[in-house]
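*Asks:* sequence first, predicted model second:
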Amino acid sequence: MKKLIVLFVIFFQGINVVFAQQTETKEKEKEVDLNEVVLVKKKKAIEQKPDRTIFDFESQAHLNSGSVLEGLKKLPGLIVSDVAGMMYQGKQLDVFLDGRPLNISSNDLNAFLEGMPANSIEKVEIITQPGAEFPATSGGAIINVITSRRAKSYLSATYSSGANFTNYDKFRARFNNSLMLSSKNKYFGWQLNVGQNYRESALWSTVTNRVNNTNTILSDTEADRIGRSTFAKSAMTIDFKRDRLLFNYDVNYNNNDSYVLGSGLGFQTNDFSKNKNIRQDAVATYQKRFDAIDKKLDFKFNFIRNNNDFNLDSRFMNVNVLDNSSVQDYFNFKADYSEEIKILDEGKISVGTLYDNLSFETKQDGTTNLDYTRRTAATYLEFQSSYKSFDFILGGRAEDYSIKGKTDTNDLTPFNQFRFFPNASVQYNFAPQIYFNVNYNKKINLPSTSSLNPNNTNYQNPNVNYSGNPQLQPTIFDNFGMKISAFDYAFIGYSISSAKNQVINRVLENSNVVSNTSINVPELKIHNFNVGLPIPYMLFTKGLKETMKFDFNPDKINFLYAYAGYQIHQIPDLDTKGFWIFNLMSQIVLPKDIKFITNYNYSTTKGNYYYFVAEESFSHSLDVTLSKKFLNDKLSISINFDDILNTNKQGFGSSGTDLLLQSKSDTRRFGFTLNYKIPTKNKLAKEDPNMLNKNKKEESDPVLN
């Protein structure tokens with residue numbers, strides 16, 4: 001640990017010297033050649049902010065070569081587990097798409113993210129410290145997947161495509177295509193993104209009962225899966241002098257098939273399942289702007305409808321085993337106002353209100369077995385201020401909940417409460433982009449409809465069944481954290497999340513029948529320590545002294561980015577152990593500006609992930625990507641080789657049982673991805689010479705909100 005701290009100090013000092021040299025050099029360039037400088041903001045691979053970490057997907061070939069879910073699994077510190085959900089640095093994630101909550105989780109969420117090609121994503125924000133402006137229902141943290149682009153003052157078109165292939169036991173293919181068109185003029189802008197994703201995959205799963213040192217296979221399944229997804233995202237903005245009106249409409253359609261051969265203690269099956277899902281999302285936003293550019297007022301209306309149908313048929317008996325469906329409607333209205341005010345040296349005040357309503361209905365064989373409604377009304381107030389080298393945030397959010405419903409047998413336990421959720425943050429800035437931050441927030445997490453759904457929307461057989469729990473209660477979180485960060489890439493942090501009534505997945509066994517459902521755990525604490533450190537390779541060839549003198553861009557040099565995270569989940573009356581997660585990402589710029597990127601993930605075994613014990617590493621993969629840009633950066637092509645060692649698999653024990661849950665997908669794959677900015681000619685761009693004025697930054701405005 002002492003060596004690690006010393007290395008941090010050396011690196012921080014080195015980066016500080018480099019930053020000073022870069023700043024001085026840029027200032028000299030501006031003084032001498034101001035009329036010829038084109039100011040273009042370059043994207044960073046990773047950007048650390050006090051409340052969030054931003055990962056750029058668009059320009060990182062190793063992240064955008066497959067589906068969104070596959071790209072997320074490569075992010076350092078992010079855990080995606082089939083049995084325990086999605087977590088980042090010890091915090092359960094609430095998933096947003098373009099700033100709006102998806103309101104889905106579990107297998108529905110995985111299927112949705114698998115159906116989105118990663119090359120349709122611009123960036124991913126992981127908000128580890130959601131302030132008062134975010135819904136208190138965000139729980140511990142938010143992951144915001146951003147697909148929006150910016151429309152420029154001329155017609156622009158981008159075509160994206162990718163293909164991947166696996167040959168684990170037989171040849172399987174995956175491919176995607178998408179086209180984005182966008183434009184804007186003085187009065188309005190528009191954008192259209194359409195695409196498809198086809199994927200063939202396999203999944204092998206085994207459930208073993210190891211009672212009395214005797215292994216009994218309760219379930220052994222082999223699934224051949226075919227996923228088909230199509231999507232369309234449209235947007236339009238209309239400008240009224242300073243004000244703006246925005247319209248968004250998105251539709252995603254997933255049609256997934258699975259052919260499953262199963263066997264186990266006392267049974268043998270041959271089944272076929274079909275899962276159809278259509279998600280529609282419509283938004284209208286009015287942005288009011290004032291003479292003072294720091295003053296903003298936004299009104300947003302959002303409606304989402306999610307239809308899901310799941311059928312399981314036995315091909316042995318030629319009968320329908322399951323016929324389950326659900327419909328979810330979500331309405332949201334919010335208003336946000338912010339203005340800069342004088343608090344100490346400088347400050348800002350934000351205030352807003354929210355009202356949303358969710359209704360969820362499920363059916364089994366045509367009979368309604370859950371009718372669930374949830375209403376939330378909220379308001380918030382938050383202050384931000386600065387004093388010398390300190391930044392302060394203090395806020396509070398009041399929310400009122402009304403949750404009720406009924407199943408086909410009884411009423412749900414109602415939840416009618418008014419709660420207040422404070423948040424606070426103090427940050428000390430040692431130098432530009434070097435800071436120490438301490439923060440606290442109280443949050444709540446309402447059970448997802450996927451966890452509440454009493455219907456089984458997974459494959460089942462006589463020895464394994466899945467079901468939701470309509471009686472789940474909300475979870476209350478107290479989140480504490482501290483972090484030292486330097487220039488986006490180097491950081492060290494510690495956080496603790498204390499939860500009451502935490503919703504977790506629980507697998508139990510009774511008379512050789514395995515049940516998988518969700519329960520509330522009265523108390524749970526998660527401690528998380530994490531550290532990230534970039535190491536330039538020139539440090540080993542030129543030495544520390546020469547490296548500190550070098551004027552370089554960290555996004556362009558050869559370096560190794562090392563990440564390590566340690567988590568321990570503390571559950572009363574359960575002896576738990578922690579586990580480590582390691583990620584190494586190496587970037588080497590080869591001749592002809594070819595980028596060679598290697599990504600390695602590994603998690604240690606024997607640690608507790610809630611009630612699961614990792615018997616095997618649940619994150620173990622070696623991925624390699626080669627990428628290059630052509631035609632003046634209009635065309636980018638990458639070739640990927642994922643899970644080269646074929647080690648990506650999962651094996652968990654379930655506390656309190658003798659079960660071993662194992663699964664393996666055909667994750668070893670190879671393929672390519674390309675993005676092509678199609679040259680377009682637009683008369684409007686030629687008529688307005690100011691649009692291409694090299695002395696000014698090229699203007700662009702957000703279209704998708």
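*Replies:* Done, it's in.

*Asks:* can you get me a residue count around Val95?
*Replies:* A total of 19 residues lie near Val95 under the criterion other CB atoms under 10 Å. Backbone N, C-alpha and C define where each C-beta goes, glycine included.

*Asks:* tell me the secondary structure for it?
*Replies:* strand (DSSP: H, G, I helix; E, B strand; the rest coil).

*Asks:* leaving out chain neighbours, which residue sits closest to it?
*Replies:* Leu102 (4.9 Å; CB to CB, 6 or more residues apart in numbering).

*Asks:* look up phi and psi at the one you found.
*Replies:* Main-chain torsions, Leu102, degrees, to the nearest 10: phi -80, psi -30.

*Asks:* close enough to count as contact, it and Phe96?
*Replies:* Yes - here Leu102 reaches Phe96: they are 6.6 Å apart, a contact under CB atoms under 8 Å.

*Asks:* taking the mean pLDDT, what do you get for stretch 528-542?
*Replies:* The predicted model assigns stretch 528-542 a mean pLDDT of 90.

*Asks:* can you give the distance of that stretch from its chain's centre?
*Replies:* 25 Å (CA atoms, centre = their mean, to the nearest Å).

*Asks:* end to end on that stretch, go ahead and measure it.
*Replies:* 35 Å (CA to CA, to the nearest Å).

*Asks:* now do the same contact list for the most centrally placed residue in the chain.
*Replies:* Among the residues of the chain, the one closest to the centroid is Ile143, at 4.1 Å (CA atoms, centre = their mean). For Ile143, the contact set (CB atoms under 8 Å, 6 or more residues apart in numbering) comprises Leu72, Leu78, Met86, Tyr88, Leu93, Asp94, Val95, Phe96, Val124, Glu125, Ile126, Ile127.

*Asks:* relative to Ser105, how far out is the closest residue to it other than its chain neighbours?
*Replies:* Spatially, and ignoring its direct neighbours in sequence, Ile143 is nearest to Leu93 (4.5 Å; CB to CB, 6+ apart). Applying CB to CB, to the nearest Å, the value for Leu93 to Ser105 is 9 Å.

*Asks:* more neighbours, those two?
*Replies:* Set Leu93 next to Ser105 and count neighbours by other CB under 10 Å: Leu93 wins out with 26 against 22.

*Asks:* just list the residues touching the more buried one, thanks.
*Replies:* Gly85, Met86, Met87, Ile126, Gly139, Gly140, Ala141, Ile142, Ile143.

*Asks:* hmm, try it at 6 Å
*Replies:* Met86, Ala141, Ile143 (CB atoms under 6 Å, 6 or more residues apart in numbering).

*Asks:* repeat that for Tyr600.
*Replies:* Leu584, Leu622 are the contacts of Tyr600 under CB under 6 Å, 6+ apart.

*Asks:* strands paired with whichever strand or helix holds it, and their directions?
*Replies:* Taking DSSP states H and E as the definition, Tyr600 sits inside strand 594-603. Looking at strand 594-603 with DSSP bridges, its partner strands are strand 579-590 (antiparallel), strand 620-630 (antiparallel).

*Asks:* restricting to C-alpha, output the longest one in CSV.
*Replies:* What that stands for is strand 579-590. The C-alpha coordinates for strand 579-590 follow below in CSV (Å, rounded to 0.1, in the frame of the first residue of the first chain):
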residue,chain,number,x,y,z
PHE,A,579,-13.6,-9.9,-3.3
TRP,A,580,-11.3,-8.0,-5.7
ILE,A,581,-11.9,-6.9,-9.2
PHE,A,582,-9.0,-6.1,-11.5
ASN,A,583,-9.0,-4.4,-14.9
LEU,A,584,-6.0,-3.7,-17.1
MET,A,585,-6.4,-1.7,-20.3
SER,A,586,-3.3,-1.2,-22.6
GLN,A,587,-3.2,1.2,-25.5
ILE,A,588,-0.3,1.1,-28.0
VAL,A,589,-0.3,3.3,-31.0
LEU,A,590,1.3,1.3,-33.9
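
*Asks:* check the offset of that strand from the chain's centre.
*Replies:* Using CA atoms, centre = their mean, the offset of strand 579-590 from its chain centre is 19 Å.

*Asks:* list the contacts of it.
*Replies:* Against strand 579-590 from outside (CB under 6 Å, 6+ apart): 76, 558-566, 595-604, 607.

*Asks:* go again with 8 Å.
*Replies:* 62, 76-77, 79, 537, 556-568, 595-609, 614, 619.

*Asks:* so which of the residues you listed belong to helices?
*Replies:* Using DSSP state H, no member of those falls within helices.

*Asks:* buried ones among those?
*Replies:* 62, 76-77, 79, 557-568, 595, 597-601, 603-604, 607-609, 614, 619 (16 or more other CB atoms under 10 Å).

*Asks:* still on that earlier bit, could the contacts of Ile143 be laid out in a markdown table, adding distance to Asp575?
*Replies:* Shown next, in a markdown table, are those (distance: CB to CB, whole Å):
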| residue | distance to Asp575 |
| --- | --- |
| Leu72 | 31 |
| Leu78 | 27 |
| Met86 | 26 |
| Tyr88 | 26 |
| Leu93 | 27 |
| Asp94 | 30 |
| Val95 | 32 |
| Phe96 | 36 |
| Val124 | 36 |
| Glu125 | 37 |
| Ile126 | 31 |
| Ile127 | 33 |
